[in-house]
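[1] This is the structure alone, sequence omitted:
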Ligand SMILES: Nc1ncnc2c1ncn2[C@@H]1O[C@H](COP(=O)(O)OP(=O)(O)O)[C@@H](O)[C@H]1O
Ligand SMILES: [Mg+2]
């Protein structure tokens, strides 16, 4: 890269710095987890004992099986729900569509374990709905275990399929449809033979993401599993449990989990790579006009799905302002839950806001240049970086947290117990989002603009700083808000890495779940809902313009 | 005024040789066009001159200065892009002033030069407009003014007109040509449109698969294409495969399409397979008798059967077939009266000097 006036050096610096960062804080911790699973902690000898232990244990095999089953079931239900919803929202006239679209994007940022907790509040052993229905003689089945977990995953993860499939339906060139109908196909036949194959890659790509998220998720099984085995949960227990701590087995399960998610991610990338043929639409296809009955059915369906997914959160908000006596709810408006929750200390709230802000800024500062370099320039170094930067997608927060603890608990760099290790974990976890969103923004800027500037005598580095960066600014700000919001509701890495001084709102919420005061947990959940939903709604228009693809 | 010299310039992408050992000289003040089908390496070559693509082998010189290792922003070239690349965050005047600001030209002088540049592209009144308020043609004028105003050593154009409609294209290419001549700038112009290339250029280099096939003034490229590829690319010529029947000094008899053509050419051997390039407008419809008997004074004619006639206004295009069914297109003047209908026989005269013979490859 001779003579590119600073930009070549800049690109190399970005690539090397990013690789160094990810090497130290992602690859090295993961390697320690892998090592922990194949080495005897006392003698240091190579061993496969932890794997044998797992293979011989019905409990741990059940854990792997349950997690995979939850993933597959969630994936299936999400598709059943989201594909028709996407079609309705993309191609039919549904009343209140803008509101629906906004509401449908909320589950992407609302913490899923809060949704799980809402389910417990309403339909748990002592849930409000359970009690009310028992009083009038209606039995309610148990929502604990697989049913509740799959319901929550379905209702919180469906936007992963909805968003890309909607875009797919809108990108189908209307001329193709008209041609198919002109050749004599019925509407349904056209849907099946023309539309569905075109959006199928988007469906699969989204569904595989759902599978990965469901497999990695820690909070939802933590709330709903009771004593049933689930992978992410058992990894945490094996690592951090007081009585049954077993880092070797925790490492082995982690390796299994990462292997599953990484395998699925590779599959998902394959599908994404082939998504090309859904483009070429000159204009948004006109809405299909339905009869009265069809219109009502479509409207009811859309509103029902979307409301079902956000109502639990609304219920938590309402409940948080009610008075509890012990576990019993009195319908009486009060702020006492919040007072009890923040009893004397706003520290967890400040911690959350501070850590989210640090992480959002750091991840944007790191992600924007990486996204730019990856979008604009291909070299061997940037290809390697492109692969490494995708890895956090496939690593659950719990596993990353465990790796960071093992790696930085002692030795040349000790970080455990502080804010820095939490920030590092957040930055690593959110880096792929940030890089992808920055890349999407860069792709929308005509490269000729930069070349024109260079051609007119402004050096590449100055062109980047004075022209490209300002053009990216609005988009980066939107991405930053998204990172901020998702860090605010991060639980799976935090739960491994927090210390008593650096508890966050999610930890507080998690801990109050185990206590007997549902009011406090509801208050904590409500604070999280407000701090995640409000910022998203504020930047929603901005993000929409970029296409929600960044999520 | 700067001359440009390329020596053995090469660039490959993986296994593809995008530009393959190209050596060229562009004279001072010359309007030089790189012409060729899409993917033949024109853009790559132009971008190597501008400094956006690294030169793999070879060297590039502006006058006596070797510039292939000079960073793009110090080469002092003015480039006009196909996508206009007008900065959306600056006004029209701001766009034009951009390069002057980078050169730290004083405010007063900048203002005067910007006004002059805008006037020269007929945008004098639009300096305060924003790019989104302009049409495609106006945007490209802004881009042209922006690259003229810095008084570049060379002007570079990469298909600047291909996003514009046909009428605007012909109008703007005349303006570009006049500006370039007035300012006496050396220009390298990339296009895949042979008519555009013929209309504006002092000289044309026809490229094919990364190599230069032929360099010359428009007339020479059009009239005496050096290779069958150039002949075919430069216009809708008829390419007839044939075989040499007889060689008689400078005259060669070729059997093609079931007819006999007598052409002039360099030595060939009887039996060699060849290609004949016959431009439609070099054939004349002769008022022969209906049997198509030869009535020309020198016997240089063939008979063909009329299949379809297209009236195009100034010209009349006749689709004919030679005796063995090989199609042959003939252009006649629109005013000429031709009585034969479809299926009728036509007697077509030709000028031996205007049929070009290529060895069949
Ligand atoms: N950045 C690139 N990466 C890989 N191949 C390229 C790149 N740029 C050009 N090429 C290849 O080089 C050849 C010439 O391209 P180009 O110079 O753009 O052609 P033209 O401008 O004549 O249409 C093509 O085969 C093209 O695919
Ligand atoms: Mg090109």
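    Here it is on my side, so go on. Because the structure is predicted, anything quoted here is derived from the model rather than measured. Numbers count the residues shown, from 1 in each chain, chains lettered A, B, ... in the order given. Ligands and ions are numbered 1, 2, ... in the order given.
[2] for the stretch 201-350 of chain A, what spans make up the strands?
    Per DSSP state E, counting those that start in this stretch, the stretch 201-350 of chain A carries strands over the ranges A:322-325, A:328-333.
[3] Check what contacts the last one and list those residues.
    Pointing back at strand A:328-333 there. Identification of contacts with strand A:328-333 by Cβ atoms under 8 Å, 6 or more residues apart in numbering or on different chains yields A:128, A:319, A:321-324, A:518. Quick note: C-beta positions are derived from backbone N, CA and C, even for glycine.
[4] Could you measure from the closest residue to ligand 1 within the stretch 101-250 of chain A over to residue A:179?
    Nearest residue of the stretch 101-250 of chain A to ligand 1, counting by Cβ to the nearest ligand atom: residue A:201, 25.0 Å away. Per Cβ to Cβ, to the nearest Å, residue A:201 is found 21 Å from residue A:179.
[5] who's more crowded, those two?
    Using other Cβ atoms under 10 Å in any protein chain shown, the more surrounded residue of residue A:201 and residue A:179 is residue A:201, with 21 against 13.
[6] any idea how far that one is from residue A:165?
    In terms of Cβ to Cβ, residue A:201 sits 10 Å off from residue A:165.
[7] ditto for residue B:313
    Distance from residue B:313 to residue A:165, counting by Cβ to Cβ: 52 Å.
[8] Those two: which has the busier surroundings?
    residue A:165 (28 against 6).
[9] so who does the more buried one touch?
    Going by Cβ under 8 Å, 6+ apart, the list of residues near residue A:165 reads A:82-83, A:86-87, A:90, A:199, A:202-203, A:206.
[10] moving C-terminal of the one helix or strand it maps to, what's the next helix or strand?
    Under the criterion DSSP states H and E, the helix or strand holding residue A:165 is helix A:159-171. Scanning forward in sequence from helix A:159-171 by DSSP H and E, the next helix or strand is helix A:174-182.
[11] pretty sure residue B:57 contacts residue B:10?
    Yes: Residue B:57 lies in contact with residue B:10 (Cβ atoms under 8 Å); the separation is 4.2 Å.
[12] Comparing these two, which residue is more hemmed in?
    Comparing residue B:57 with residue B:10 by other Cβ under 10 Å, the one with more neighbours is residue B:10, at 16 against 13.
[13] Would you mind listing what in chain B touches ligand 1?
    B:13, B:16, B:18, B:36, B:38-44 (Cβ under 6 Å from any ligand atom).
[14] Spatially nearest residue to residue B:63, not counting backbone neighbours?
    Among residues not flanking residue B:63 along the chain, residue B:2 sits closest, at 5.1 Å (Cβ to Cβ, 6 or more residues apart in numbering or on different chains).
[15] err, residue A:267, not the other one
    residue A:208 (6.0 Å).
[16] which ones are touching the one you found?
    Residue A:208 neighbours (Cβ under 8 Å, 6+ apart): A:75, A:264-265, A:267-268, A:271.
[17] neighbour-wise, which of the residues you listed leads?
    Highest count within these by other Cβ under 10 Å belongs to residue A:75, 27 neighbours.
[18] doesn't residue A:352 make contact with residue A:504?
    Yes: Residue A:504 is within contact range of residue A:352, at 4.5 Å (criterion: Cβ under 8 Å).
[19] Who has more neighbours out of those two?
    residue A:504 (29 against 24).
[20] Backbone dihedrals for the residue in the stretch 251-361 of chain B that chain A sits nearest to, please?
    The minimum distance from the stretch 251-361 of chain B to chain A, using Cβ to the nearest Cβ, falls at residue B:310 (29.0 Å). Residue B:310 adopts backbone torsions of phi -120, psi 120, taken as degrees, to the nearest 10.
[21] so what's it bridging to?
    residue B:317 (DSSP bridges).
[22] What residues does it make contact with?
    The neighbours of residue B:310, taking Cβ under 8 Å, 6+ apart as the test, are B:316-319.
[23] okay, those in JSON lines with pLDDT and neighbour count next?
    Below are the contacts of residue B:310 laid out as JSON lines (pLDDT from 0 to 100; neighbours: other Cβ atoms under 10 Å in any protein chain shown):
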{"residue": "B:316", "pLDDT": "90", "neighbour count": "19"}
{"residue": "B:317", "pLDDT": "91", "neighbour count": "17"}
{"residue": "B:318", "pLDDT": "93", "neighbour count": "23"}
{"residue": "B:319", "pLDDT": "94", "neighbour count": "17"}
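[24] Switch those residues over to a markdown table; also include distance to residue A:297.
    As requested, the contacts of residue B:310 are exported to a markdown table (distance: Cβ to Cβ, whole Å):
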| residue | distance to residue A:297 |
| --- | --- |
| B:316 | 63 |
| B:317 | 59 |
| B:318 | 63 |
| B:319 | 59 |
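[25] How about the contacts made by the closest residue to chain A within the stretch 151-300 of chain B?
    Using Cβ to the nearest Cβ, the single residue of the stretch 151-300 of chain B nearest to chain A is residue B:156, 8.1 Å away. The contact partners of residue B:156, by Cβ under 8 Å, 6+ apart, come to B:46, B:49-50, B:77-80, B:187-188.
[26] one step back: counting neighbours, which of the contacts of strand A:328-333 comes out on top?
    Going by other Cβ under 10 Å, residue A:518 tops those with 27 neighbours.
[27] and the gap between that one and ligand 1?
    60 Å (Cβ to the nearest ligand atom, to the nearest Å).
[28] Report the contact partners of that residue.
    For residue A:518, the contacting residues are A:121, A:319, A:324, A:327, A:329, by Cβ under 8 Å, 6+ apart.
[29] now do residue B:321
    Residue B:321 neighbours (Cβ under 8 Å, 6+ apart): B:304-305, B:307, B:327-328.
[30] now with 6 Å?
    For residue B:321, the contacting residues are B:305, B:307, B:327, by Cβ atoms under 6 Å, 6 or more residues apart in numbering or on different chains.
[31] Closest one of the residues you listed to ligand 1?
    Closest to ligand 1, out of all of the contacts of residue B:321 and judged by Cβ to the nearest ligand atom, is residue B:327, at 29.3 Å.
[32] Quick check: phi and psi on the closest residue to that closest one other than its chain neighbours?
    Closest residue to residue B:327 apart from its sequence neighbours, by Cβ to Cβ, 6+ apart: residue B:321 at 5.5 Å. Backbone geometry at residue B:321, expressed as degrees, to the nearest 10, gives phi -130, psi 140.
[33] okay, residue B:321: pLDDT?
    Note on residue B:321: pLDDT of 95.
[34] What of residue A:254?
    Reported pLDDT for residue A:254: 93.
[35] Of the contacts of residue A:208, which one scores lowest on pLDDT?
    Where pLDDT dips furthest among the contacts of residue A:208: residue A:271, at 68.
[36] what's the domain layout of chain A?
    A:1-36+A:335-551, A:57-320 (automatic domain parsing).
[37] what stretches of the chain score poorly on pLDDT?
    Reading this off chain A. A:1-7, A:176, A:184-185, A:242-243, A:271-284, A:327, A:344, A:542-551 (pLDDT under 70).
[38] try again with chain B
    Looking at chain B by pLDDT under 70, you get B:267, B:288-299.
[39] and it, which residues reach chain A?
    Selection of chain B residues close to chain A by Cβ under 6 Å from any Cβ of the partner chain yields B:52, B:69, B:71-73, B:79, B:81, B:83, B:85, B:98-99, B:102-103.
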